[in-house]
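Q: What shape does this take:
(one chain, ligands or ions: 2)
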Amino acid sequence: MTDPVGVRLKRLPHGHGLDLPRYATDGAAGMDVLSAEAVSLKPGQRHAVATGFAVAIPDGYEIQVRPRSGLAFKHGITVPNTPGTIDSDYRGELKVLLINHGDETFAIERGDRIAQLVLAPVTQAAWEEVDELDDTSRGEGGFGSTGGHAKL
Ligand SMILES: O=c1ccn([C@H]2C[C@H](O)[C@@H](COP(=O)(O)OP(=O)(O)OP(=O)(O)O)O2)c(=O)[nH]1
Ligand SMILES: [Mg+2]
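A: Ligands and ions are numbered 1, 2, ... in the order given. Predicted coordinates:
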């Protein structure tokens with residue numbers, strides 16, 4: 001594990017009194033993030049859930065918003081844009097998009113852990129336009145070209 005990277009966080013008025021996102025265990029990759037609102041999601045419904053804070057991510061990093069597997073497995077609650085991308089220059093409220101893929105209404109209470117945030121390094125690409133690309137054994141094969149299922 002590399003050393004933690006400082007990320008500035010500003011609580012918004014409706015975020016006061018909520019715990020900050022935190023790693024549930026020493027080796028956790030993601031910090032569980034809490035809902036700042038109570039909301040019910042009907043089957044098929046989407047909502048951008050308030051977290052009550054905004055961040056200033058250092059240059060060279062992003063935050064990814066990922067689903068929690070327990071919510072996905074037990075209730076079909078997931079992140080439709082996973083991994084959500086929080087850009088380093090974004091200063092608005094961090095929101096968690098959720099969708100209910102289950103068949104029952106799911107109630108979220110203020111303070112519930114709804115998703116997880118992963119701080120990740122970013123490398124920007126600089127295009128180098130060329131007329132021809134180098135050959136490889138794969139070539140243009142893709143989308144199952146090497147065979148299906150487990151056998152190679
Ligand atoms: O799950 C998410 C995804 C995005 N955002 C915020 C932070 C991000 O920096 C900004 C833009 O996100 P994205 O680039 O994914 O959305 P877009 O549809 O391309 O909008 P934009 O034109 O604002 O970039 O919205 C969130 O709060 N939660
Ligand atoms: Mg964008």
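Q: quick one, phi psi at Gly6?
A: Reported as degrees, to the nearest 10, the phi and psi values for Gly6 are phi -70, psi 130.
Q: who touches it in this structure?
A: Gly6 sits next to Pro58 when contact means CB atoms under 8 Å, 6 or more residues apart in numbering. Quick note: C-beta positions are derived from backbone N, CA and C, even for glycine.
Q: do the same with Gln45
A: Residues near Gln45 by CB under 8 Å, 6+ apart: 99-100.
Q: what about whatever residue of the chain ends up closest to ligand 1, how many residues close to it?
A: Closest approach between the chain and ligand 1, counting by CB to the nearest ligand atom: Gly84, at 2.5 Å. Counted with other CB atoms under 10 Å, residues neighbouring Gly84 total 20.
Q: Same question for Ile99.
A: Neighbourhood size, Ile99 [other CB under 10 Å]: 19.
Q: For the helix or strand hosting it, enumerate the helices and strands it packs against.
A: According to DSSP states H and E, Ile99 maps onto strand 93-100. Packed against strand 93-100 by the contact rule (3 or more CB pairs under 8 Å, 6 or more residues apart in numbering; DSSP states H and E) you find strand 39-41, strand 46-56, strand 61-66, strand 77-78, strand 84-86, strand 113-121.
Q: just for this structure, where's the confidence low?
A: The model of the chain has pLDDT under 70 over residues 151-152.
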